[in-house]
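# here is my input; please provide its structure:
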Amino acid sequence: MPRILVIDDDAAISELVAVNLEMAGYDVSQAEDGIKGQALALQLQPDLIMLDLMLPRVNRKTRSRAISFYFWYRTS
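Residues are numbered from 1 along each chain as shown. This next block holds a predicted model:
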């Protein structure tokens, strides 16, 4: 079953997305900020990450590095 990680600081949106994906047959995990999301991405190695681009506590440079590292880690 494909695994999806939803990273969003808005709990209502995150839950709405997660419920709909679960109803469609996906294994869904959620994180409420970028720091926890990054840790979960490395731990769970999801097939897809749905990321809120306006997360607090994570700037664009940090987010870009984390995503690049994840893809490098996942493919090596």
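
# what's the local residue count around P2?
For P2, the neighbour count with other Cβ atoms under 10 Å is 12. Backbone N, C-alpha and C define where each C-beta goes, glycine included.

# show me the contacts for it.
Taking Cβ atoms under 8 Å, 6 or more residues apart in numbering, we find P2 in contact with Y26, D27, D47, L48.

# buried among the residues you listed? Need that as a selection in ChimeraX.
Filtering those down to the buried ones (16 or more other Cβ atoms under 10 Å) takes a single ChimeraX command:
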select :26
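
# among the contacts of P2, which are in helices?
In helices, judged by DSSP state H, none of those are found.

# now the contacts of P2 as a markdown table including distance to M54 and pLDDT?
Below are those laid out as a markdown table (distance: Cβ to Cβ, whole Å; pLDDT from 0 to 100):
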| residue | distance to M54 | pLDDT |
| --- | --- | --- |
| Y26 | 24 | 98 |
| D27 | 26 | 98 |
| D47 | 24 | 91 |
| L48 | 19 | 90 |
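
# and for Q38, the neighbour number?
22.

# distance of it relative to L16?
23 Å (Cβ to Cβ, to the nearest Å).

# and L44, by the same measure?
Applying Cβ to Cβ to L44 and L16 gives a distance of 21 Å.

# helices and strands of the protein: which one bottoms out on pLDDT?
Least confident helix or strand of the chain, by mean pLDDT, DSSP states H and E, is helix 60-75 with a mean of 65.

# the strands in the chain, which residues?
Taking DSSP state E, the strands of the chain run over residues 3-7, 27-31, 48-51.

# single out the most deeply packed of these.
Stretch with highest mean neighbour count among these: strand 3-7 (a mean of 22; mean count of other Cβ atoms under 10 Å).

# dump the strands of the chain to CSV, plus distance to N20.
Below are the strands of the chain laid out as CSV (distance: least, Cβ to Cβ, whole Å):
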stretch, distance to N20
strand 3-7, 10
strand 27-31, 9
strand 48-51, 11
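
# of these, which shows the lowest average pLDDT?
Averaged per stretch, pLDDT over these is lowest on strand 48-51, reaching a mean of 89.

# mind giving me the packing neighbours of that strand?
strand 3-7, helix 34-44, helix 60-75 (3 or more Cβ pairs under 8 Å, 6 or more residues apart in numbering; DSSP states H and E).
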